[in-house]
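# one predicted model, sequence on top.
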Amino acid sequence: MSALQRLFKFHGGVKPAYNKEASTGLPIAVAPTPTLLVIPLHQSIGGMPRPLVKAGDHVLKGQRIGGADGNASAAVHASTSGTVVAVEMRLMPHTSGLSALCVVVEPDGCDEWIARQPFDFRSASPTQTRDYLRDAGVVGLGGAVFPTHLKLNPGRQGKLDTLILNGAECEPFITCDDVLMRERAEIILKGAAIMREMLAAGRVLIGIEDNKPEAIAAMEVAARAANQAAGDEAMQVVSVPTRYPAGGAKQLIRVLTGIEVPHGKRSTDFGVQCFNVGTAYAVYEAIALGQPLISRIVTVAGNVGQARNYEALFGTPMRDLIAQCKPLPDSDRVIMGGPMMGLLMPADDVPVVKATNCVLVGSKRLFPPPPPEMPCIRCGECAKACPADLQPFEMYWFSRAKIFGKAQEYNLFDCIECGCCAYVCPSHIPLVDYYRFAKSEIWAREVEKEAADVARERYEFRLLREEREKQEKAAKLAAKTAAGREKAAAAIAEAAKPAATPEEDAKKALIAAALERAKAQKEQVHPENVSNLTPEQEAEVAAIEARRAEIREMAKPHLRQDD
Amino acid sequence: MLEAILVMAFGALVLGAALGYAAVRFRVEGDPLVEKIDAILPQTQCGQCGFPGCKPYAQAIAKGEAEINQCPPGGEEGIHKLADLLGREFKPLSAEHGIEKPKSVAVIDEQVCIGCTLCIQACPVDAIVGAAKQMHTVVAPLCTGCELCLPPCPVNCITMEPIGESVENWKWKYPVFKINSAPQESK
């Protein structure tokens, strides 16, 4: 099948040492449940999910503990059954070393599921299905953790040409997608079939780098079976040349379809959408089995005696996983992700989250400290290696000089931070660090500017409102004084008049009659609480009246004295 | 001689008419310079500059009645931007107008608040909600940190809390590398 597919090339890229064999020797193992799960509420791009449980609550496996905040967010679930010990700030698996709100669950060992029910997405509307996936916490498991329900939208045309499953897994050391494809190919393709239906996609291309022959073979077998069952030829496994970063979404789309998604456009505008194979697996589990996303395959590799892939519950401390793999004594750091794009962790007890595809143990021997940074010699190697067709040296100069506007003009935000430029740089400049710095500064400014715009608008509205209130007050006052003057003028006129004319007498008589009528009406109205009384109540009222009269009688002499 | 004068006079008339037409046709409403200055100012509306808001200060700068270094919330960076825009010389922040502080938001101690509404009247961006004899509270995302609500409070229940660093607003730091000291030779 794969021989028929015409392939394209993306620009640049590098070929680092892959180091993948160490962790593919053994099958996926289920990581033991730790004594305490620390589940961060904020695990995906988008708003911070709000906690739905409090300390002391008992939760079941798969119970929602964090509700999605708006549509651009995804829910978070308890990874196992147990008791919520605390909802508090805990250290996050984030380079900053900062804390964020986490739900701490003490497992009860029963591993008792919530009632799981498959979701009938065929009879539900696309919006309902997307909401279901959002509440099942399904996000992209390739590393960017973008909520999947937002991507499962065919866009304006209502259908897509190609659905791409990303099994390229180009980053060194990481093999979680590789082993998942080897062992659970059938389920991945079932998930892909669901996604294909939701997106009304014509075909499914599964791109796998050619350094994973076992995964390609397994996926081909499963694809043949799936095609036979469906009676078409929609699923195709395509082996793509091994070159980092072939697993980048834009790069894989380019290689498989030849489409280059331009700046500011979405791939769906060109009839293509791309998902990680792990995401397809999670979609199947959520829709066909009713299981929310509570675990994932994590590669533990690097400076360890036995690298391996584990199916780990979210919230498991990375330290527990590393301990399973016999870490070598000179280990000095933990990286989440691979050596090219991974993030240095502030400690080894941070939890596994949805973004954790790999826990890479580092040491000075494995990752020696980089040689000192030297000045840029403008050789242009970085531009040759850039898979996004950018000019990294220009972006570097402007980021370094903090001229962010210019850096943005060179399309800094199209940079995927793959690290190819820094990898080839003969001056050992940590280019990506500069881009990350520039990007976060630009974001912060953007946020500040938005806040300033809101403040300006509100301030101007306040001025407007104060002005309006002042005018209203003045108008009211003017009306009042005008009315007062009229009255005074009328009174003066009245006094000046010599005698009442017969007409006025008639008017006065009319007014007197009206007053009389009003008085009579008033008398007719009785207080509600003394009508419709029972005989007992009437007796009681009479008794009270009598007492009152008595008291009045008794008080009379005193009153007179007072007088 | 006369022809020359006529030609020049004709030319002057034509150009004058063209300019006059353009002045009417392409008339610019408002002062674009004020808008540009206002866009640089942080919109805190705190009045520390001596003007009753950011817009009046921008107008004063545009007229040349105010210096560009009177805005403490804008800080050094804001002064640099204003200097670039106006082609003026950079000046350090004038001390009489205040000092640059980390951005903070007002927080009302709700146990102490007596519901006098004085802070609501003082807030330039209507970021405090409440009513007479009801508890007041600050809508934190709207608060500009101007501190104008602090002086009117009769029970001193408002404090300024600096906005801390969180995972959401954390920024990657400028790449700086530790230079290891050269190994000292033992004698």
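Alright, I've got the coordinates.

# get me the contact residues on chain B for chain A.
B:38, B:41-45, B:53-55, B:124-127, B:141-142, B:144, B:165-175, B:177, B:179 (C-beta under 8 Å from any C-beta of the partner chain). C-beta here means a position set from N, CA and C on the backbone, and glycine is covered the same way.

# and the residue positioned nearest the centre of chain B, how close does it get to A:Ala455?
By C-alpha atoms, centre = their mean, chain B has its centre lying nearest to B:Leu41, at 2.4 Å. B:Leu41 sits 10 Å away from A:Ala455, going by C-beta to C-beta, to the nearest Å.

# with B:Gly164 instead?
According to C-beta to C-beta, B:Gly164 stands 21 Å off from A:Ala455.

# average pLDDT for stretch A:449-463?
Per-residue pLDDT values across stretch A:449-463 average out to 93.

# would you state the helices of chain B in chain order?
B:2-25, B:32-40, B:54-63, B:75-86, B:118-122 (DSSP state H).

# kindly apply the preceding question to the stretch 301-450 of chain A instead.
Counting by DSSP state H, counting those that start in this stretch, the stretch 301-450 of chain A has helices at residues A:318-324, A:381-385, A:392-400, A:404-409, A:420-424, A:431-496.

# so what sits opposite A:Leu205 in the bridge?
A:Leu205 has the following beta-bridge partners by DSSP bridges: A:Ile164, A:Gln236.

# that one against A:Gln236, yeah?
Yes. With contact defined as C-beta atoms under 8 Å, A:Leu205 counts as touching A:Gln236 (5.5 Å).

# pLDDT weak spots in chain B?
Applying pLDDT under 70 to chain B picks out residues B:177-181, B:184-187.

# mind running it again at 50?
B:187 (pLDDT under 50).

# identify the residues contacting B:Thr137.
B:Ile108, B:Glu110, B:Ile128, B:Val129, B:Gly130 (C-beta atoms under 8 Å, 6 or more residues apart in numbering or on different chains).

# how many neighbours does the second one have?
Just to be clear, that refers to B:Glu110. 11 (other C-beta atoms under 10 Å in any protein chain shown).

# my guess is it contacts B:Met135, does it?
Yes. Contact criterion C-beta under 8 Å: B:Glu110 and B:Met135 qualify, at 5.2 Å.

# before we move on, the earlier item: show me what contacts the closest residue to the residue nearest to the centre of chain B other than its chain neighbours?
On the basis of C-beta to C-beta, 6 or more residues apart in numbering or on different chains, the spatially nearest residue to B:Leu41 that is not a chain neighbour turns out to be B:Cys54, at 4.2 Å. B:Cys54 makes contacts with A:Arg456, A:Tyr459, B:Asp38, B:Leu41, B:Pro42, B:Gln43, B:Thr44, B:Gln45, as judged by C-beta under 8 Å, 6+ apart.

# what's the answer for A:Lys54, then?
A:Val84, A:Val87.

# now do the SS call for it.
coil (DSSP: H, G, I helix; E, B strand; the rest coil).

# residues contacting A:Lys20?
A:Pro172, A:Phe173, A:Ile174, A:Thr175, A:Asp178, A:Asn211 are the contacts of A:Lys20 under C-beta under 8 Å, 6+ apart.

# just put the residues you listed in CSV and tack on pLDDT, secondary structure and neighbour count.
CSV is the format used below for these (pLDDT from 0 to 100; DSSP: H, G, I helix; E, B strand; the rest coil; neighbours: other C-beta atoms under 10 Å in any protein chain shown):
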residue, pLDDT, secondary structure, neighbour count
A:Pro172, 94, coil, 20
A:Phe173, 95, coil, 27
A:Ile174, 95, coil, 28
A:Thr175, 95, coil, 29
A:Asp178, 96, helix, 26
A:Asn211, 93, coil, 17
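
# looking at those, which is nearest A:Ile287?
A:Asp178 (24.3 Å; C-beta to C-beta).

# buried sites along stretch A:433-447?
Across stretch A:433-447, burial judged by 16 or more other C-beta atoms under 10 Å in any protein chain shown covers A:Asp433, A:Tyr434, A:Tyr435, A:Arg436, A:Phe437, A:Ala438, A:Lys439, A:Glu441, A:Ile442.

# swap in stretch A:62-75?
Here stretch A:62-75 shows A:Gly62, A:Gln63, A:Arg64, A:Ile65, A:Gly66, A:Ala68, A:Asp69, A:Ser73, A:Ala74, A:Ala75 as buried, counting by 16+ other C-beta under 10 Å.

# tell me the least confident of those residues?
Lowest pLDDT among the buried residues of stretch A:62-75: A:Asp69, 86.

# show me what contacts the nearest residue to that residue once chain neighbours are set aside?
Counting by C-beta to C-beta, 6+ apart, A:Gly47 is the residue found nearest to A:Asp69 once chain neighbours are left out, at 3.3 Å. By C-beta under 8 Å, 6+ apart, A:Gly47 lies in contact with A:Ala68, A:Asp69, A:Gly70, A:Ala72, A:Ser73.

# TSV for these, including distance to A:Thr80 and secondary structure?
Output for the contacts of A:Gly47, formatted as TSV (distance: C-beta to C-beta, whole Å; DSSP: H, G, I helix; E, B strand; the rest coil):
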residue	distance to A:Thr80	secondary structure
A:Ala68	21	coil
A:Asp69	24	coil
A:Gly70	28	coil
A:Ala72	28	coil
A:Ser73	23	coil
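
# now those residues in a markdown table, with distance to A:Ala144?
As requested, the contacts of A:Gly47 are exported to a markdown table (distance: C-beta to C-beta, whole Å):
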| residue | distance to A:Ala144 |
| --- | --- |
| A:Ala68 | 17 |
| A:Asp69 | 19 |
| A:Gly70 | 19 |
| A:Ala72 | 14 |
| A:Ser73 | 15 |
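
# that older thread, neighbour-wise, which of the contacts of B:Thr137 leads?
Going by other C-beta under 10 Å, B:Ile128 tops the contacts of B:Thr137 with 22 neighbours.

# could I get stretch A:182-200 in PDB with only the CA atoms?
Extracted in PDB, the C-alpha atoms of stretch A:182-200 (Å, rounded to 0.1, in the frame of the first residue of the first chain):
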ATOM      1  CA  ARG A 182       2.700  -2.300  17.800                       C
ATOM      2  CA  GLU A 183       0.400  -3.500  20.600                       C
ATOM      3  CA  ARG A 184      -2.900  -1.700  20.000                       C
ATOM      4  CA  ALA A 185      -3.100  -1.000  16.300                       C
ATOM      5  CA  GLU A 186      -6.700  -2.200  16.000                       C
ATOM      6  CA  ILE A 187      -8.000   0.200  18.600                       C
ATOM      7  CA  ILE A 188      -6.100   3.100  17.200                       C
ATOM      8  CA  LEU A 189      -7.800   2.500  13.800                       C
ATOM      9  CA  LYS A 190     -11.200   2.100  15.400                       C
ATOM     10  CA  GLY A 191     -10.600   5.500  16.900                       C
ATOM     11  CA  ALA A 192      -9.500   6.800  13.600                       C
ATOM     12  CA  ALA A 193     -12.700   5.400  12.000                       C
ATOM     13  CA  ILE A 194     -14.800   7.400  14.600                       C
ATOM     14  CA  MET A 195     -12.800  10.600  13.800                       C
ATOM     15  CA  ARG A 196     -13.200  10.000  10.100                       C
ATOM     16  CA  GLU A 197     -16.900   9.800  10.400                       C
ATOM     17  CA  MET A 198     -17.000  13.000  12.500                       C
ATOM     18  CA  LEU A 199     -14.900  14.900  10.000                       C
ATOM     19  CA  ALA A 200     -16.500  13.300   6.900                       C
END
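
# pLDDT of stretch A:473-484, averaged?
91.

# which residues touch the residue lying closest to B:Ser166 once chain neighbours are set aside?
The shortest distance from B:Ser166 to any non-neighbouring residue, by C-beta to C-beta, 6+ apart, is to A:Leu98 (6.2 Å). Listed by C-beta under 8 Å, 6+ apart, the contact partners of A:Leu98 are A:Leu91, A:Met92, B:Glu165, B:Ser166, B:Val167, B:Trp170.
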